[in-house]
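A.B. asks: Okay, structure incoming, though there's no sequence with it:
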């Protein structure tokens, strides 16, 4: 994949001036499962849920597209967060998972000497954002496409910063569904409940 196309794929998920970040949220899968990854995609993405492919846009928070929500307790006494997820969207040889994390910080006063901004590292204490899709019916685990060089397939945890009460978009790109699968369980972190039966569009 060219550097230009790869950069375009990552860039369409930016919202305003909010940078995106990532952290690894899941270790190895069940020994009985097969892991599905990919290394290339020739599809272009429009960056907007439900738009026709090829039309430019950005992923902006849209509550009407949320299909599942969970409230989680953040580690280290940081507070809580609302996690909302969209349907998985197929783009050519790939499928894209988009979610929004809204932190509710215990210390939300920027003037406080102990105040810190919220990052994806704070979400689970990992240095990558790497959600996993589980195909229960076919015993398969889908991991995000592998990154090499300037290829970016997940939100970058090093640059994303969120503020109290503001939805932060996070995303990951996977290989397109196999075996006619129409829904997946989505694991966003080992310490958080999985999202069940998230549909594929």
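C.D. replies: Done, it's in. A quick note: this is a predicted structure, and the numbers were derived from the prediction, not measured.

A.B. asks: what about residue 165, distance to residue 118?
C.D. replies: 10 Å (C-beta to C-beta, to the nearest Å). Where C-beta positions appear, they are placed from N, C-alpha and C, glycine not excepted.

A.B. asks: overlap in contacts of these two?
C.D. replies: residue 103 (C-beta atoms under 8 Å, 6 or more residues apart in numbering).

A.B. asks: Can you pull out the low-pLDDT segments for this protein?
C.D. replies: Residue ranges of the chain with pLDDT under 70: 1-54, 125-127, 148-151.

A.B. asks: in it, which strand has the most residues?
C.D. replies: For the chain, the strand that runs over the most residues, judged by DSSP state E, is strand 94-105.

A.B. asks: what packs against it?
C.D. replies: In terms of contacts (3 or more C-beta pairs under 8 Å, 6 or more residues apart in numbering; DSSP states H and E), strand 94-105 is packed against strand 79-85, strand 89-91, helix 120-124, strand 168-175.

A.B. asks: Would you mind identifying the next helix or strand past the longest one?
C.D. replies: On the C-terminal side of strand 168-175, the closest following helix or strand by DSSP states H and E is strand 183-187.

A.B. asks: Give me the sheet partners of that next one and which way each runs.
C.D. replies: Neighbouring strands of strand 183-187 in its sheet, by DSSP bridges, are strand 132-135 (antiparallel), strand 195-199 (antiparallel).

A.B. asks: Surely residue 138 is within a helix?
C.D. replies: No - Residue 138: not assigned to a helix; according to DSSP: H, G, I helix; E, B strand; the rest coil it is coil.

A.B. asks: quick one: it and residue 65, what's the gap?
C.D. replies: To residue 65, residue 138 is 26 Å away according to C-beta to C-beta.

A.B. asks: between the two, which one's more packed in?
C.D. replies: residue 65 (18 against 14; other C-beta atoms under 10 Å).

A.B. asks: Next, give phi and psi for the more buried one.
C.D. replies: Per-residue torsions, residue 65: phi -90, psi -10 (degrees, to the nearest 10).

A.B. asks: thinking it is in contact with residue 86, fair?
C.D. replies: Yes - shown here, residue 65 and residue 86 form a contact pair, counting by C-beta atoms under 8 Å, at 4.9 Å.
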